[in-house]
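> Sequence first, then the predicted structure, then my questions.
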Amino acid sequence: QPGRLYSSCFAIPGNASYDYVVVGGGTAGLAIAKRLAETASVAVIEAGGVYEIENGNQSVVPYFALTMGVLSTSTSYPRQPLVDWDLISQPVAGAGDKRIHYARGKTLGGCSALNTMGYLRGSVGTHQRWADLVGDDSYTWENVLPYFKKSATFTPPNLAKRFPANATVQFDPTVFDNSLNGPIQVSYGNWIDVTTTWLAVALQAIGMPLGSLGFNSGVLSGFGDWVTDEIKPEDATRSSSEAGYLRQAIADPNSAITVYTHTQASKILFDSNKTANGVLVNTAGFEYIISATQEVILSAGVFHSPQLLMLSGIGPAATLESFDIPVISNMSGVGQNLWDQIFFDVLSGVNLPAFIPTPENEASTLQSYLQDQEGPYSSAGGYVSFEKIPQDLRQNFSQRTQDLLATLPEDWPEIEYIVLAYPGANSTIGAVSATIEAPFSRGNVTISSSSITDPPVINLNWLSDPADEELLVAAFRRCRQAWDSPAIQQVRVGPEIAPGLATQTDEEILAWIRLNLGIQWHASSSNKMGVEGDPLAVVDSKARVFGVQGLRVVDVSSIPFSVPGHPSGTAYMLAEKIADDIKNGN
Ligand SMILES: Cc1cc2nc3c(=O)[nH]c(=O)nc-3n(C[C@H](O)[C@H](O)[C@H](O)COP(=O)(O)OP(=O)(O)OC[C@H]3O[C@@H](n4cnc5c(N)ncnc54)[C@H](O)[C@@H]3O)c2cc1C
């Protein structure tokens with residue numbers, strides 16, 4: 001069957017009408033658009049362009065996912081306005097009043113074009129919690145697994161290319177089904193940093209053995225493994241929603257997808273019955289309307305989806321009225337319930353080589369990447385483990401913290417440990433980092449005006465709940481235990497680099513953590529999915545916005561909590577699932 005010209009799927013600006021209008025051509029947006037366009041006409045409104053053109057090799061080559069300058073959280077980060085939204089948070093009181101540059105993809109593919117490519121799924125218990133919270137059994141592990149399978153194609157590791165000892169990979173191929181031709185390629189990097197193999201052994205030595213299933217089978221806690229990555233194995237380049245879903249749609253002559261690039265939605269439009277029937281958009285100063293005869297699907301991400309709801313009259317009435325925005329639906333939960341998984345690194349020197357691109361090695365590194373799809377450029381890192389904090393450390397937790405942790409499902413890990421290496425001035429620097437997987441602090445997203453040209457106001461509120469302080473201090477002590485493990489003393493050199501051994505008491509550790517907090521860029525849940533009557537709930541279990549018709553929110557903002565692990569796999573699952581709901585008339 002003949003294909004189509006790539007260009008025939010891109011729109012010329014101007015008023016037009018489609019069955020469905022998807023706002024945001026990001027991770028979830030392109031996935032749901034591709035599926036809906038199999039049977040209906042679909043417009044995708046995306047504020048950015050094509051990252052392969054507008055971000056050079058940075059978003060394409062896996063290695064750069066770890067080194068891209070624009071991913072700095074400092075307010076003096078190197079800007080890349082063609083692919084990043086330039087969002088700066090409000091000062092974070094729990095982190096020394098720092099403002100955080102929170103990278104968000106402004107490009108086809110959205111954050112799937114900037115992220116670190118790790119592909120992991122939540123646990124059986126977290127999906128049961130999701131089903132319970134939204135009163136819908138279609139979210140149990142067993143019922144979402146077909147949608148995870150539909151979104152991804154799995155390629156086992158290429159052991160001939162990964163080499164080092166201690167890099168054994170365990171995985172469970174039965175949780176993928178390649179006959180479905182899932183658009184996201186899930187595979188492994190073809191290079192392993194030798195320091196991470198040693199740090200993996202250290203994590204195993206302190207009680208997180210190598211698991212046998214990987215992180216895609218509904219189990220996460222109590223073990224470690226090499227992570228699966230969103231990498232295309234044939235050329236070792238990034239598999240984003242653009243490279244996967246959009247390109248599949250474009251190659252399908254029957255797909256009725258039309259993409260508006262460099263086009264920003266400024267408002268969702270409603271008829272007199274509060275039914276969404278279009279979107280006001282702007283391309284380079286030219287304003288027009290894209291109408292929807294069926295539904296509008298908001299997929300603008302964790303910060304911009306709540307912003308667009310509020311600018312369109314859906315949100316806390318007091319906020320809307322303060323900016324003279326007519327209230328269509330007074331919903332106190334819009335922009336609330338922001339979860340964020342914060343982390344820190346404990347650093348020490350190691351007597352092992354680290355890769356750093358230099359004029360001397362550039363030619364050979366590039367050659368092995370381009371010719372054989374291997375070497376440092378083919379990899380975006382590697383090894384992680386998850387656990388509940390062990391008894392000897394958790395017995396010091398306050399009763400309140402213990403009670404809060406007891407509300408989590410048995411298999412919901414509390415901490416994720418990630419190991420990495422950096423070239424240092426005197427030796428390679430190894431990092432053992434810890435991320436809270438069940439943060440209890442909640443942030444929020446709001447607006448500062450009635451205009452889309454003003455960015456959303458982001459209050460991260462990290463460490464506003466004391467339980468997070470206790471968890472981070474305990475996780476810090478676990479990172480030190482890993483570094484002190486006899487298993488790695490032969491490669492460790494010099495005293496701890498950061499924070500250094502002067503930092504010992506809980507108070508000293510916490511003070512240091514506050515000033516050195518980082519992000520996994522996993523912010524989530526600012527438009528919580530839930531049941532009607534929950535003051536925080538914004539959408540129901542079919543992602544339909546309460547109080548209006550014809551409008552859904554399908555992105556990480558509508559997931560009811562931060563799924564333990566990493567969210568992009570779940571974003572694809574949700575998009576597949578809601579597309580199916582829509583096609584089935586729900
Ligand atoms: C640096 C980084 C590293 C990460 N690492 C990982 C990882 O290793 N593994 C993992 O699973 N997750 C990771 N994440 C998180 C994960 O990528 C995101 O949670 C997920 O991709 C978000 O998907 P989304 O569909 O909710 O939003 P997005 O992918 O952000 O999509 C939203 C889209 O909407 C567009 N948009 C917004 N407003 C408008 C508007 N008004 N008009 C038109 N378009 C608009 C945006 O430009 C964007 O394309 C990382 C994220 C980042 C930034």
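Happy to help now that I have it.

> In contact with the residue in the chain that the ligand sits nearest to, which residues are there?
The ligand sits closest to residue 26 of the chain, with a gap of 1.8 Å, by CB to the nearest ligand atom. Heads up, the C-betas are built off the backbone N, CA and C, glycines and all. With contacts defined as CB atoms under 8 Å, 6 or more residues apart in numbering, residue 26 is in contact with 46, 105, 109, 110, 111, 112, 241, 299, 300, 301, 555.

> What about the fourth one, how many residues nearby?
By that I understand residue 110. 35 (other CB atoms under 10 Å).

> Would you confirm that it contacts residue 23?
No. In this structure residue 110 lies outside contact range of residue 23 using CB atoms under 8 Å: 11.6 Å.

> list the residues that contact both of those two?
With CB under 8 Å, 6+ apart, residue 110 and residue 23 have common neighbours residue 29.

> quick one: the residue lying closest to residue 185 once chain neighbours are set aside and residue 113, what's the gap?
Excluding its sequence neighbours, the residue lying closest to residue 185 (CB to CB, 6 or more residues apart in numbering) is residue 239, at 3.9 Å. Residue 239 sits 10 Å away from residue 113, going by CB to CB, to the nearest Å.

> And these two? Which one has more around it.
residue 113 (28 against 24).

> I'd say that one and residue 244 touch.
No. The criterion here is CB under 8 Å, and residue 113 misses it with residue 244 at 11.2 Å.

> that older thread, show me the subset of the contacts of residue 26 that also lies near the ligand.
Restricting the contacts of residue 26 to those touching the ligand (CB under 6 Å from any ligand atom) yields 46, 105, 110, 111, 112, 299, 300, 301, 555.

> and the second one, how many neighbours?
When you say that, I think you mean residue 105. 29.

> go on, the last one?
Taking other CB under 10 Å as the criterion, the count of residues near residue 555 is 32.

> For it, give me phi and psi.
phi -170, psi -170 (degrees, to the nearest 10).

> Show the residue spans covered by the strands in the stretch 251-400 of the chain.
Ranges of strands in the stretch 251-400 of the chain, per DSSP state E, counting those that start in this stretch, are 257-260, 263-270, 276-283, 286-298, 314-315, 329-330, 342-350, 383-387.

> I'd like a version of those in JSON lines, one that adds mean neighbour count and distance to the ligand as further columns.
Listed next are the strands of the stretch 251-400 of the chain as JSON lines, based on neighbours: other CB atoms under 10 Å; distance: least, CB to the nearest ligand atom, whole Å:
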{"stretch": "strand 257-260", "mean neighbour count": "24", "distance to the ligand": "8"}
{"stretch": "strand 263-270", "mean neighbour count": "21", "distance to the ligand": "4"}
{"stretch": "strand 276-283", "mean neighbour count": "22", "distance to the ligand": "7"}
{"stretch": "strand 286-298", "mean neighbour count": "20", "distance to the ligand": "9"}
{"stretch": "strand 314-315", "mean neighbour count": "29", "distance to the ligand": "14"}
{"stretch": "strand 329-330", "mean neighbour count": "18", "distance to the ligand": "19"}
{"stretch": "strand 342-350", "mean neighbour count": "23", "distance to the ligand": "12"}
{"stretch": "strand 383-387", "mean neighbour count": "25", "distance to the ligand": "10"}
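
> would you list those strands in TSV and tack on mean pLDDT?
Formatted as TSV, the strands of the stretch 251-400 of the chain follow (pLDDT from 0 to 100):
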stretch	mean pLDDT
strand 257-260	98
strand 263-270	98
strand 276-283	98
strand 286-298	98
strand 314-315	98
strand 329-330	97
strand 342-350	97
strand 383-387	97
